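*Asks:* Pasted the sequence and its predicted model underneath.
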Amino acid sequence: MKLVRLLTLILVVSYLTLVAVIPVQAHAQLLRSIPEANASLAGPPAQVELFFNQGVTPGISKITVLDSNGKQVDSGDTRVDPADASHLTISLPPLGDGIYIVVWNVVSATDGHQTKGSFPFSVGKVDANALAKTATSTTGSTTTIPLGAMIIKGFLYLAAVSLTGGILFTFLVWSPSCRKAQVPEEELHMYVQFSQKLTLSALVVFTGADVLSFMVWAGQVSGFLILWPWLPGFLSLLVNTRIGILGIVRFCLVIILAGLLLPHQNRWNRWAGLAVCSLLLLTFSLESHSANEPSPFIPIVMDWLHLAAVSIWVGGLFSFLGGIKIARKLPPELRTQLSSILIPRFSALAITSTCVLVLTGIYASFLQIGTFYVLFNTSYGLALIIKLTITLFIISIAGTNLLFISPQMRKSAAQPGGNPALVKLFSGLLTGEVVLGVVILMWVGVLTNLPPAKTKTPITGIVRTTQADDLNITLNIDPGQPGINTFNAQIISDGKPVTDARYVTLQFTSLSGTVPPSAIDMANLGDGNYRLQGGYLAIPDSWDIKVIVYRPGKFDAYGDFHFDMSQP
């Protein structure tokens, strides 16, 4: 009955949150296009080509080209380049003079996230102000992810971690501790019953979340709130997309786990179940941010190790708490003795897991964050900070148990009657760890749906390149109009990004003299990329902009740029 209530609660919460969407920075970002955004062409192009920072899914990734009246004018033959899955193309019939809008809707081939965007271009003699006005209202890209999808992903992690951690805790901690403490056989049977109930609950929750997760994703890419299995397109998405195939694999692995873990467990089916759980965790890594790396093998392995470490530690906590609750029926002296054995055994497992988490976390942060500036100035970076904060709370409780509770428990175990109050205190602290563990796993569902902070920036606005001494400097001003702009500078020397600059400064000079000159330091994003945002091009005017690069042991380099923004 409790399981039924739990599933009902999950379904109700998931349904209510399906209608809520969270706009996030795009996952599959548009890097460049042919024709370029806001381009003024003398003659009509034969096709539109889009290049993204990752592969997109054929069949459901589309380009549409509209005229100024909103009428579709393309040939309707959107295709993904077989040699480059990040290259999307559509053919065009002969176009007359006018303004056209390219609308794209793509689905990442790796993580399944949908991205939409648009930009204009003009053909022939077109009023420049009309094109600029269209660009202001149409250029951009966004991704919207249902809040329910994030919550469902959290439940998937929660169930998978419970299964994996439960097996290891039972095999490496609970069973040997009970043998050492000489716990009666009937008490051991109660833990077996609890373990089977936890396993069944995790399997049911995982299966429901897996199916619901795919239906929500399929609905999102098909234009529905949710795509039910009997509706057209469901089966095609299930068998022809990476997300669908991974969902099928997960479902099959859960069926195998049910056959291994629900009957009476022994040494063989525990180890076999653990192997299947390892494959289950791998399916998450295969659709993670790590899978989008240019050379994904090592990043995927590191992501899998990170998940495995979380499972051992946090997943083990769930079974640990269940075991402590069951032990309340033991005599006080035996309960204290058992607790004194369990704590150091589990702590050794948790410390090993923490070391793996730290190492793999640093590696992932280098790949997906890069710099402290990005950490504190992106949604992904801020979400990661929240995750780390919760983790520190868990570590502080675990440290209290290991350094203070455990020594007192060992002393109390040798005393007649034990120490029931100390065991009760430990049970409360363990409950706190479990609650925080659930919170962090649900938060990971949010984090994995956000784009990594360290991604290639789509190029929009004005882009110019110049040479300064040994430096090749590219300056991008977005949107490239008077007012607030974002300035991105990429600095290359001998084909390699300049990472040793003490600082990079932008110097602004208004040629009319209306605005006094100003100089501002740019933020270092890493990999030779520097950024500044603000209203430094405050008025319509002609502007000289210098990119000044200060490097140790070398003369300062000056990159000169001229921009005519005299027309509002």
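*Replies:* Yep, that arrived. Numbering: from 1, shown residues only.
*Asks:* Would you double-check that residue 491 falls in a strand?
*Replies:* Yes: counting by DSSP: H, G, I helix; E, B strand; the rest coil, residue 491 is part of a strand.
*Asks:* So it sits against residue 504, correct?
*Replies:* Yes: between residue 491 and residue 504 there is a contact under CB atoms under 8 Å: 6.9 Å. Every C-beta, even on glycine, is put in place using the N, C-alpha and C of the backbone.
*Asks:* overlap in contacts of these two?
*Replies:* By CB atoms under 8 Å, 6 or more residues apart in numbering, residue 491 and residue 504 have these common neighbours: 530, 547, 549.
*Asks:* Angles on the backbone of the second one, please.
*Replies:* Looking back up the chat, that one is residue 547. Backbone dihedrals for residue 547, given as degrees, to the nearest 10, come out at phi -100, psi 110.
*Asks:* Residue 487 versus that one, what's the distance?
*Replies:* Per CB to CB, to the nearest Å, residue 547 is found 9 Å from residue 487.
*Asks:* joint contacts of these two?
*Replies:* 475, 506.
*Asks:* Sketch out the low-pLDDT regions of the stretch 301-450 of the chain for me.
*Replies:* Along the stretch 301-450 of the chain, segments meeting pLDDT under 70 span 370-371, 373.
*Asks:* rerun that using 90 as the cut-off
*Replies:* Low-confidence segments of the stretch 301-450 of the chain (pLDDT under 90): 323-339, 350, 354, 358, 361-388, 391, 394-395, 398-424, 426-427, 441-450.
*Asks:* in the stretch 1-150 of the chain, what spans have low per-residue confidence?
*Replies:* In the stretch 1-150 of the chain, residues with pLDDT under 90: 1-44, 51-61, 67-70, 76, 82-86, 95-99, 101, 104-150.
*Asks:* How is the protein partitioned into domains?
*Replies:* Domain ranges of the chain: 26-145, 462-565, per automatic domain parsing.
*Asks:* Would you mind saying which of the ones you listed lies nearest residue 362?
*Replies:* Closest of those to residue 362 is domain 462-565, at 14.9 Å (criterion: CB to CB).
*Asks:* ok, back up a step: among the shared contacts of residue 491 and residue 504, which one sits closest to residue 321?
*Replies:* Nearest to residue 321 among the shared contacts of residue 491 and residue 504, with distances taken as CB to CB, is residue 530, at 49.2 Å.
*Asks:* and the closest residue to that closest one other than its chain neighbours, how many neighbours does it have?
*Replies:* Excluding the flanking residues, the one nearest residue 530 by CB to CB, 6 or more residues apart in numbering is residue 522, at 3.9 Å. If you count neighbours by other CB atoms under 10 Å, residue 522 ends up with 22.
*Asks:* same thing with residue 344?
*Replies:* Residue 344 has 17 neighbouring residues, counting by other CB under 10 Å.
*Asks:* where does it land in three-state SS?
*Replies:* Taking three-state DSSP, the label given to residue 344 is helix.
*Asks:* Please look at it and residue 406 and confirm they touch.
*Replies:* Yes: Residue 344 lies in contact with residue 406 (CB under 8 Å); the separation is 5.8 Å.
*Asks:* re earlier: export the domains of the chain to TSV and tack on distance to residue 155?
*Replies:* What follows is the domains of the chain, written out as TSV (distance: least, CB to CB, whole Å):
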stretch	distance to residue 155
domain 26-145	16
domain 462-565	35
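*Asks:* how about the ones you listed, which one is nearest residue 399?
*Replies:* Short answer: domain 462-565, nearest of these by CB to CB, at 32.9 Å.
*Asks:* next one: that closest one to chain centre, how far?
*Replies:* Relative to the chain's own centre, domain 462-565 is displaced by 31 Å; criterion: CA atoms, centre = their mean, to the nearest Å.
*Asks:* before we move on, what about stretch 164-180?
*Replies:* 33 Å.
*Asks:* just so I have it, where are all the strands in the stretch 351-500 of the chain?
*Replies:* In the stretch 351-500 of the chain, the strands defined using DSSP state E, counting those that start in this stretch lie at 462-468, 471-478, 483-493, 496-497.
*Asks:* ok, back up a step: please check the shared contacts of residue 491 and residue 504 and keep the buried ones.
*Replies:* Neighbour counting by 16 or more other CB atoms under 10 Å classes 530, 547, 549 among these as buried.
*Asks:* which residues sit in contact with the spatially most central residue of the chain?
*Replies:* The chain has residue 448 as the residue nearest its centroid, 2.8 Å off, counting by CA atoms, centre = their mean. Applying CB under 8 Å, 6+ apart to residue 448 gives the contacts 153, 284, 288-289.
*Asks:* Kindly reformat the residues you listed as TSV containing distance to residue 85 and neighbour count.
*Replies:* Conversion of those to TSV gives the following (distance: CB to CB, whole Å; neighbours: other CB atoms under 10 Å):
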residue	distance to residue 85	neighbour count
153	24	23
284	21	20
288	18	23
289	17	24
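*Asks:* re the thing from before, for residue 311, find the nearest of the domains of the chain.
*Replies:* Residue 311 lies closest to domain 26-145 among these, at 20.9 Å (CB to CB).
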